[in-house]
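A predicted structure for the sequence below; I have some questions about it.
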Protein chains: 2
Amino acid sequence: MKMIEGGVCAAQGFTASGVHCGIRKNRDKRDLALIVSEKRAAAAAVYTQNLVKGAPLLVTKENLADGYASAVICNSGNANTCNANGVEIARDMCALVEKYTGVPAADVIVASTGVIGQPLDIAPIAGGMEALASGLGRDSLPAAEAILTTDTRVKSVAVEFSLDGKTARLGGIAKGSGMIHPNMATMLVFVTTDAAISPAMLQKALSADVKKSFNRVSVDGDTSTNDMCAILANGMAGNAEIAGEGADYDAFCAALNAVTSALCRMIARDGEGATKLVECALAGAKTQAVADAVSKSVICSSLVKAAMFGADANWGRVLCAIGYAGADVDVNKVDVAFRSAAGRVGVCKNGAGVPFSEEEAKKVLLEEEVVIEVNLNDGAYSSVAWGCDLTYDYVKINGDYRT
Amino acid sequence: MKMIEGGVCAAQGFTASGVHCGIRKNRDKRDLALIVSEKRAAAAAVYTQNLVKGAPLLVTKENLADGYASAVICNSGNANTCNANGVEIARDMCALVEKYTGVPAADVIVASTGVIGQPLDIAPIAGGMEALASGLGRDSLPAAEAILTTDTRVKSVAVEFSLDGKTARLGGIAKGSGMIHPNMATMLVFVTTDAAISPAMLQKALSADVKKSFNRVSVDGDTSTNDMCAILANGMAGNAEIAGEGADYDAFCAALNAVTSALCRMIARDGEGATKLVECALAGAKTQAVADAVSKSVICSSLVKAAMFGADANWGRVLCAIGYAGADVDVNKVDVAFRSAAGRVGVCKNGAGVPFSEEEAKKVLLEEEVVIEVNLNDGAYSSVAWGCDLTYDYVKINGDYRT
């Protein structure tokens, strides 16, 4: 497997496009994205577990009921959530895709992201469709830009891998930044592949993957109403369709996880206001559930996040977050260290502090990617969780997001 | 029942004191507090559910095993947590109380708050004891000041009430500010009363009360390692000892809740960096558990908190927080309004937005105390939760707390 360029257009048969249609006021910001597969593709998706669900998710769920789809349409600037006519608007978006691309409306994945509870006008979308459809091409970037909200960076990644003697590709784009605390699903992520895989196995692979990828990310503890991760597999790599477990399924899952975990790191690093990626690498847990709960608790702690912003080696807050994780942990066995490109500093052994150089720790924590290593010394399970620091800019961005 | 002055010295037989002994560098900040009852008092406490527990909590639990105590000693500036010799130091603090006041060490409640994981030196405490003991008097303020950390306001409240034909008093002081997300217990709160009540009934009253008082508060979602709420009841009001349920017990519980819920509001209002108190008043829930979970979820949302800071009527974030509360809610029945001294603005009806004046909403949200009214229209249970806004100053305070 190797990393390649191309995002959602890396796989054969996929084109994408992104335009500014006018949902957002800033004319320099694209706000409408389209991805199309030239062959009808096996499709799978996972959705937010928030009881308040964006209307597009309901429509996508209907459209994916048969396990196949051929296109994705997604707008930013408005979540189309908590609106009386939301489902109608989402269906209208699918109908527009049919009108301009020929893909049947029932084969369209529809998604929206932005402010909750403001009616979404179909007019700018209808007005932008011609440019959107005619712009379809092999460049993934305009679509990757169009799905962003407060994100500061495009999130795009792809891999090439061997499958059944054929070369397959799998790539994805993501929207992250705020209201990021996925639960059983994720923020907006679209993944395409030319691997041949049955809808059932595709759903199985995706559902298993999100538990160790997107569900391990948190920016601010708020589980969005519009989280969705969807994948299209059009089979154009020519491999024998993956219809059960085995070496091919494992190779596919490995490729999928390479892409999703890279997107996770990008989403966490570009959390609203974030200056750094904070990873909790947890080892020595009694069970997988303990490993998952404790690592996530550490990266979710507002106090740990603020300390990371200040490059303050305040490891007591890490212990505190371990202690309230609701997991079976012997706190007297816990070791903690901070690690980054600048080095590694052990700060806690068996639940108590050890002498360390504050200066060295500061150097480690000033890096853009910091790992909080936790060893529970209590078993063989491990886990990783990705978050970011809590900064003035997070407050600034969210103190006045709507204006 | 009426509100009175006097904090923990409002009840008969209690004296208090607070000094700067040198744990904190700032010589203007008191860092050691003492409360003494002239009669041995029934005593009860609740503690953090964090698995990492401050050493003072372990010692206090031992000392309260017999249901009685006569004094409280508490330092700020160091949490005496995750230190190898923490229990020893906490016991030394109790021994110092015995030496300087005559209260047996086994009748002392000991508490600490501040940085986790830094050894606590007994020397400044020993050096400050003489001044501390000789300063004991009927003024609650020095003790109320000495337990504070990043708090900007003293938290003190007391009530007078009738019990069995006698006049009883009950008052408390609290330390709040950061790492505030109590779970089955609370931040540091000390309550005194001259009511006569058995240790068992006192513990019962306190345990029931914290569920609807301190456990309904969150500043930053971080459950501290040192949360403790302790109450001393010395019986000097002269009422017949409350030894079971009935009118007297109910009157006592009402007085207790008047004091604790007032302290809750003070703690939330003075959350680290907070500019306002944010209350979620929830009605119409199917069960008490739903009411509690949903109201707490709303005040814990970083995005709701940041919107409150910006006085932005972004009610979609309230809906989002309701949706991920993990509670059985029909989101299509939810109504939301914002209320304050400046008025009341309905923003959501049956889960969808209603037209409202942004200008009016801004005026409402600019007040120092804002209520988010949520009606689930799904049952008869209600709940209140207290929080605060998320501000630049929260990040500033916690980005560099230790220096």
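Received it, and whenever you're ready, just let me know what you need.

Mind pulling the model confidence for A:M184?
At A:M184, the model reports a pLDDT of 58.

Quickly run through the sheet partners of the longest strand seen in chain A, with directions.
The longest strand of chain A (DSSP state E) is strand A:32-47. The strands beside strand A:32-47 in its sheet (DSSP bridges) come out as strand A:14-19 (antiparallel), strand A:68-78 (antiparallel), strand A:228-233 (antiparallel).

So for the first one, mean pLDDT?
Taken as a whole, strand A:14-19 has a mean pLDDT of 97.

outside of it, which residues touch it?
A:7-9, A:30-38, A:128, A:131-133, A:135-147, A:192, A:194, A:232, A:234 (CB atoms under 8 Å, 6 or more residues apart in numbering or on different chains). Where you see a C-beta, it was placed from the backbone N, CA and C, and this is true even at glycine.

These in helices, which ones?
Cross-referencing the contacts of strand A:14-19 against helices under DSSP state H gives A:128, A:131-133, A:141-146.

From those, keep the buried residues only.
A:128, A:132-133, A:141-146 (16 or more other CB atoms under 10 Å in any protein chain shown).

Quick check: end-to-end length of stretch A:281-293?
12 Å (CA to CA, to the nearest Å).

May I see the buried residues of it?
A:281-286, A:290-293.

Stretch A:116-129 too?
A:116-118, A:120, A:122, A:124-126, A:128-129.

ok, which of the residues you listed also contact chain B?
A:116-118 (CB under 8 Å from any CB of the partner chain).

Of those, which is the nearest to A:T223?
Nearest to A:T223, judged by CB to CB, of these is A:I116 at 12.6 Å.

For the stretch 201-350 of chain A, which residues are neighbours of chain B?
So far as CB under 8 Å from any CB goes, the stretch 201-350 of chain A lies against chain B at A:220-225, A:300-303, A:306-307, A:309-310, A:312, A:314-317, A:319-324, A:329, A:331, A:348.

out of the residues you listed, which are inside helices?
Going by DSSP H, the helices hold A:300, A:302-303, A:306-307, A:309, A:315-317, A:319-323 from these.

Out of those residues, which is nearest to A:E368?
A:F309 (12.2 Å).

who are the neighbours in contact with that closest one?
A:275-276, A:389-391, B:395, B:399.

Using JSON lines, please lay out the residues you listed together with secondary structure, neighbour count and pLDDT.
Listed next are the contacts of A:F309 as JSON lines, based on DSSP: H, G, I helix; E, B strand; the rest coil; neighbours: other CB atoms under 10 Å in any protein chain shown; pLDDT from 0 to 100:
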{"residue": "A:T275", "secondary structure": "coil", "neighbour count": "17", "pLDDT": "93"}
{"residue": "A:K276", "secondary structure": "coil", "neighbour count": "23", "pLDDT": "94"}
{"residue": "A:D389", "secondary structure": "coil", "neighbour count": "24", "pLDDT": "94"}
{"residue": "A:L390", "secondary structure": "coil", "neighbour count": "33", "pLDDT": "93"}
{"residue": "A:T391", "secondary structure": "coil", "neighbour count": "23", "pLDDT": "92"}
{"residue": "B:V395", "secondary structure": "helix", "neighbour count": "26", "pLDDT": "88"}
{"residue": "B:G399", "secondary structure": "helix", "neighbour count": "21", "pLDDT": "84"}
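
With adjacent residues omitted, what lies nearest to A:R24?
A:G77 (4.0 Å; CB to CB, 6 or more residues apart in numbering or on different chains).

cool, and A:K333?
The shortest distance from A:K333 to any non-neighbouring residue, by CB to CB, 6+ apart, is to A:N377 (4.3 Å).

Isn't that neighbour up against A:V336?
No: using CB atoms under 8 Å as the test, A:N377 is too far from A:V336 to be in contact (11.3 Å).

low pLDDT regions in the stretch 51-200 of chain A?
Residue ranges of the stretch 51-200 of chain A with pLDDT under 70: A:183-186.

Please give me every residue in contact with the single nearest residue of it relative to chain B.
Chain B sits closest to A:I116 of the stretch 51-200 of chain A, with a gap of 2.5 Å, by CB to the nearest CB. Contacts for A:I116 (CB under 8 Å, 6+ apart) come out as A:52, A:79, A:81-82, A:225, B:314, B:316-317, B:319-320.

Columns mean neighbour count on top of the strands paired with strand A:32-47, output as JSON lines?
Below are the strands paired with strand A:32-47 laid out as JSON lines (neighbours: other CB atoms under 10 Å in any protein chain shown):
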{"stretch": "strand A:14-19", "mean neighbour count": "25"}
{"stretch": "strand A:68-78", "mean neighbour count": "26"}
{"stretch": "strand A:228-233", "mean neighbour count": "29"}
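
Distance to A:I173 added to these, as a markdown table?
Output for the strands paired with strand A:32-47, formatted as a markdown table (distance: least, CB to CB, whole Å):
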| stretch | distance to A:I173 |
| --- | --- |
| strand A:14-19 | 8 |
| strand A:68-78 | 10 |
| strand A:228-233 | 11 |
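
Tell me, how many residues neighbour the residue nearest to A:Y392 when sequence neighbours are not counted?
Excluding its sequence neighbours, the residue lying closest to A:Y392 (CB to CB, 6+ apart) is B:Y392, at 4.8 Å. The local packing of B:Y392 (other CB atoms under 10 Å in any protein chain shown) involves 17 other residues.

How about the contacts made by B:Y392?
A:392, A:395-396, B:273.

From these, which land in helices?
Short answer: the contacts of B:Y392 in helices (DSSP H) are A:392, A:395-396.

Which one of the residues you listed is nearest to B:G13?
Nearest member of the ones in helices among the contacts of B:Y392 to B:G13, counting by CB to CB, is A:V395, at 46.6 Å.

doesn't A:G86 make contact with A:N80?
Yes: using CB under 8 Å, A:N80 is in contact with A:G86, at 5.0 Å.

Could you pull out the helices in the stretch 51-200 of chain A for me?
Along the stretch 51-200 of chain A, counting by DSSP state H, counting those that start in this stretch, helices occupy A:55-63, A:86-101, A:122-134, A:141-146, A:199-212.

gap between the nearest residue to A:T150 once chain neighbours are set aside and A:Y394?
Nearest residue to A:T150 in three dimensions, chain neighbours excluded: A:S177, at 4.5 Å (CB to CB, 6+ apart). Remark: distance between A:S177 and A:Y394 (CB to CB, to the nearest Å) = 10 Å.

Bridged to the residue nearest to A:R216 when sequence neighbours are not counted, which residues?
Ranked by CB to CB, 6+ apart and with sequence neighbours excluded, the top spatial neighbour of A:R216 is A:A385, at 4.6 Å. Counting by DSSP bridges, A:A385 forms beta bridges with A:C280.

Thanks a lot, see you next time.
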